[in-house]
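*Asks:* got a predicted structure here, sequence first:
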Amino acid sequence: QVQLVESGGGVVQAGGSLRLSCAASGRTFSRYAMGWFRQAPGKEREFVSAVRWSLGSTYYADSVKGRFTISRDNAKNTMYLQMNSLKPEDTAVYYCAAALPDWWLRANGYDYWGQGTQVTVSS
């Protein structure tokens, strides 16, 4: 089991920045690929970003590429999502999730989820 807790959400004006954190506990953090998802009201969940530690590989959805950066601190068992140049359409609940490494690019391959943190971007 992996327990995940997100933090860092809030309200920010368009063009601003936020950094989300995902603290992990339980099984060895570094064994898992990690991802960020988001869901806006009335919309389907979107696969935003992911990182596979062992390959040093990252994934970004086109909608956030160049604005968001995923990173991790293994010593702190924590993953981050730095979000810059935020837009109103980035407003959503953001979730972090963990997957076995081979499934890291499959949105339905994530087995462990946090409770989510709200990000609201005002225009």
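*Replies:* Everything's here; your move. Numbers count the residues shown, from 1 in each chain.
*Asks:* for the spatially most central residue of the chain, pull up the helix or strand it's in.
*Replies:* The residue lying closest to the centre of the chain (CA atoms, centre = their mean) is residue 36, at 2.3 Å. For residue 36, the host element (DSSP states H and E) is strand 33-39.
*Asks:* can you give me the buried ones in that strand?
*Replies:* 33-38 (16 or more other CB atoms under 10 Å). C-betas here are computed from N, CA, C, even on glycine.
*Asks:* quickly run through the sheet partners of that strand, with directions.
*Replies:* Sheet pairing of strand 33-39 (DSSP bridges) gives strand 46-52 (antiparallel), strand 92-99 (antiparallel).
*Asks:* centre of the chain to that strand, how far?
*Replies:* 4 Å (CA atoms, centre = their mean, to the nearest Å).
*Asks:* what lies in contact with that strand?
*Replies:* Residues outside strand 33-39 that contact it (CB atoms under 8 Å, 6 or more residues apart in numbering) are 20, 22, 24, 45-53, 59, 70, 72, 79, 81, 90, 92-101, 103-104, 107, 110, 116, 119.
*Asks:* can you flag the buried ones in the residues you listed?
*Replies:* For those, a burial check counting by 16+ other CB under 10 Å picks out 20, 22, 24, 46-53, 59, 70, 72, 79, 81, 90, 92-99, 103-104, 110, 116, 119.
*Asks:* pretty sure residue 30 is touching residue 51, no?
*Replies:* No. Using CB atoms under 8 Å, residue 30 makes no contact with residue 51, being 11.1 Å away.
*Asks:* mind putting the strands paired with strand 33-39 into CSV with mean pLDDT and distance to residue 65?
*Replies:* Below are the strands paired with strand 33-39 laid out as CSV (pLDDT from 0 to 100; distance: least, CB to CB, whole Å):
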stretch, mean pLDDT, distance to residue 65
strand 46-52, 95, 9
strand 92-99, 96, 16
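*Asks:* which one of these lies nearest to residue 64?
*Replies:* For the strands paired with strand 33-39, distance to residue 64 was read as CB to CB. The smallest value, 5.7 Å, belongs to strand 46-52.
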